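In: Okay, structure incoming, though there's no sequence with it:
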């Protein structure tokens, strides 16, 4: 079953390659969507794909890459839209 999750990760999550590692992991899992830094110092992402694979991306974000210190994470499950062809870093 395909699903969609909108995630906001807070803590020490910018300047630690969080976006790049998220792209790497999403590509490994075949998850589509995007990731970006927010002006508030968070990382925001949308993941679409198989529910188990999207859940694996959420678990990755709970810890983040080496050097990250995740303090909090919001996850909003949304209706699957199938609008992405890959996974990318978005810029403001």
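Out: Yep, it's here. Everything numeric in this text was worked out from a predicted model, so none of it was measured.
In: what's the spacing between the spatially most central residue of the chain and residue 3?
Out: The residue lying closest to the centre of the chain (Cα atoms, centre = their mean) is residue 45, at 4.0 Å. Applying Cβ to Cβ, to the nearest Å, the value for residue 45 to residue 3 is 14 Å. Bear in mind the C-beta positions are built from the backbone N, C-alpha and C, glycine included.
In: cool, residue 35 as well?
Out: For residue 35 relative to residue 3 (Cβ to Cβ), the value is 17 Å.
In: quick revisit: the residue nearest to the centre of the chain belongs to a strand, doesn't it?
Out: Yes: counting by DSSP: H, G, I helix; E, B strand; the rest coil, residue 45 is found in a strand.
In: That one contacts residue 61, doesn't it?
Out: Yes: using Cβ atoms under 8 Å as the test, residue 45 is close enough to residue 61 to be in contact (7.0 Å).
In: Let me see the contact set for residue 37.
Out: 14, 19, 43, 44, 92 (Cβ atoms under 8 Å, 6 or more residues apart in numbering).
In: which one of these has the most neighbours?
Out: Highest neighbour count within the contacts of residue 37, by other Cβ atoms under 10 Å: residue 43, with 24 neighbours.
In: Would you mind telling me which of residue 35 and residue 3 has the busier surroundings?
Out: residue 35 (24 against 17).
In: How about that one: what's its closest non-neighbour residue?
Out: The shortest distance from residue 35 to any non-neighbouring residue, by Cβ to Cβ, 6 or more residues apart in numbering, is to residue 45 (4.1 Å).
In: Who does the one you found form a beta bridge with?
Out: Beta-bridge pairing of residue 45 under DSSP bridges involves residue 7, residue 35.
In: Which residues are in contact with it?
Out: Residue 45 sits next to 6, 7, 9, 22, 33, 34, 35, 36, 57, 61 when contact means Cβ under 8 Å, 6+ apart.
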